[in-house]
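> Here is my input, please return the structure:
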Amino acid sequence: MWQGSRIGDGLARKQVLGLPTAPFWGLYNSKHFQRYPILYGLSSSVISKPSDWHNTHITGYWFLDEAQDWTPPSALLDFLQSGSPPVYIGFGSMSSRNPEETADIVLKAIELTGQRAILQSGWGGLSKSDLPDTVFMVDSISHSWLFPRVATVVHHGGAGTTAAGLRAGVPTIVIPFFGDQPFWGQRVAELGVGPKPIPRKQLTAERLAESIHTTVTDRSMRQRAADLGAKIQAEDGIANAVAIVHAIEKHGVFCGEESGSNW
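The predicted structure is shown next:
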């Protein structure tokens with residue numbers, strides 16, 4: 001991960017901060033670097049803090065919600081109000097890989113389940129005219145607004161989309177492509193708020209339909225998802241992170257941490 005971002009880090013240091021470039025292997029084993037607190041912007045309800053982490057804080061997620069005057073498209077509102085909560089399916093930039101094949105699998109899975117669905121755009125040659133009345137396509141849309149209004153969320157397992165789905169309190173189905181996505185998919189399954197992830201290369205309409213059916217009908221899973229969502233909604237990760245930054249500004253660089261795991 002470090003090697004993939006090292007060039008950009010070096011440019012930022014040189015052109016923006018006026019700092020020397022970091023070592024080839026990064027700063028993570030540097031004693032100087034370890035003097036600074038490390039902040040993880042995720043929920044301790046999703047990943048609890050390991051006992052051997054020092055000078056490290058799990059603050060809660062850092063969400064950036066839509067502006068207060070933001071309004072959703074009227075056509076989307078009409079679709080949501082015209083029937084039962086739909087299934088959300090969106091793979092972000094991942095859907096550009098074999099988009100036609102992925103679209104065929106998804107549409108067949110939706111047909112097999114008999115569910116209504118919202119597809120986020122990015123499906124290659126698929127247009128709105130190709131869709132049945134039970135499927136609605138949206139462009140970029142606020143996850144914090146939409147996800148609480150759907151029955152389940154199906155996505156690629158990116159860290160941000162996973163966080164938004166968990167906060168919404170609805171079950172999650174992860175279709176990981178690469179990188180950290182398999183990890184988040186496995187974590188969702190371990191928490192009991194979604195079925196086992198289905199790697200994209202193993203995705204079939206039948207497997208996706210089965211997972212959708214599970215998330216819609218499994219009451220225990222839905223309750224666990226709702227409970228986890230409530231915990232995440234009660235957190236203020238941004239305020240916790242700001243408090244740590246203010247402490248650094250006030251007291252300077254420090255080692256160790258207070259007895260509480262979160263500030």
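
> just the strands in the stretch 1-150 of the chain please.
38-40, 56-58, 87-90, 117-120, 135-138 (DSSP state E, counting those that start in this stretch).

> Which among those strands is found nearest to Asp227?
strand 56-58 (18.7 Å; CB to CB). C-beta coordinates here come from the backbone N, C-alpha and C atoms, glycine included.

> Partner strands of that closest one, with direction?
Strand pairing for strand 56-58, determined by DSSP bridges: strand 38-40 (parallel).

> okay if I get the strands of the stretch 1-150 of the chain as TSV plus distance to Thr102, mean pLDDT and mean neighbour count?
Listed next are the strands of the stretch 1-150 of the chain as TSV, based on distance: least, CB to CB, whole Å; pLDDT from 0 to 100; neighbours: other CB atoms under 10 Å:
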stretch	distance to Thr102	mean pLDDT	mean neighbour count
strand 38-40	32	91	16
strand 56-58	34	91	21
strand 87-90	10	96	26
strand 117-120	10	94	23
strand 135-138	14	92	20
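
> wait, which of those strands is closest to Gly194?
strand 87-90 (12.5 Å).

> Output the contacting helices and strands for the closest one.
Packed against strand 87-90 by the contact rule (3 or more CB pairs under 8 Å, 6 or more residues apart in numbering; DSSP states H and E) you find helix 99-113, strand 117-120, strand 152-155.

> contacts for it?
106, 110, 113, 115-120, 122, 146-147, 150-155, 161, 212, 216 (CB atoms under 8 Å, 6 or more residues apart in numbering).

> Please enumerate the strands of the stretch 151-263 of the chain.
Under DSSP E, counting those that start in this stretch, the stretch 151-263 of the chain gives strands at 152-155, 172-174.

> most packed of those?
strand 172-174 (a mean of 29; mean count of other CB atoms under 10 Å).

> what packs against that strand?
Using 3+ CB pairs under 8 Å, 6+ apart, strand 172-174 sits against strand 152-155, helix 159-168, helix 181-191, helix 205-217.

> Relative to Ala12, tell me which of the ones you listed wins on proximity.
Closest among the helices and strands packed on strand 172-174, using CB to CB: helix 159-168, at 20.9 Å.

> List the buried residues of that closest one.
161-168 (16 or more other CB atoms under 10 Å).

> Then stretch 78-89?
79-80, 85-89.

> Now render these as TSV, adding distance to Gln202.
Converted to TSV, these look like this (distance: CB to CB, whole Å):
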residue	distance to Gln202
Phe79	31
Leu80	31
Pro85	27
Pro86	25
Val87	20
Tyr88	21
Ile89	17
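
> Farthest-apart pair in those, please.
Leu80 and Ile89, at 15.0 Å, using CB to CB across the buried residues of stretch 78-89.

> re earlier: okay if I get the helices and strands packed on strand 87-90 as TSV plus distance to Asp236?
Formatted as TSV, those follow (distance: least, CB to CB, whole Å):
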stretch	distance to Asp236
helix 99-113	36
strand 117-120	28
strand 152-155	23
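
> and Gly8, which of those is closest to it?
strand 152-155 (25.6 Å).

> Give me the contact list for that closest one.
By CB under 8 Å, 6+ apart, strand 152-155 touches 87-92, 147, 161-162, 164-165, 168, 170-175, 194, 208, 211-212, 215-216.

> Lowest-confidence member of the buried residues of helix 159-168, which is it?
Within the buried residues of helix 159-168, Thr161 has the lowest pLDDT, namely 94.

> How much space separates it from Gln181?
10 Å (CB to CB, to the nearest Å).

> List the buried residues of stretch 142-149.
Neighbour count says stretch 142-149 has 143, 145-149 buried, by 16+ other CB under 10 Å.

> End to end on that stretch, go ahead and measure it.
12 Å (CA to CA, to the nearest Å).

> could I get the strands of the stretch 1-150 of the chain as a markdown table with distance to Gln186?
Converted to a markdown table, these look like this (distance: least, CB to CB, whole Å):
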| stretch | distance to Gln186 |
| --- | --- |
| strand 38-40 | 18 |
| strand 56-58 | 19 |
| strand 87-90 | 20 |
| strand 117-120 | 23 |
| strand 135-138 | 28 |
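
> Sounds good, over and out.
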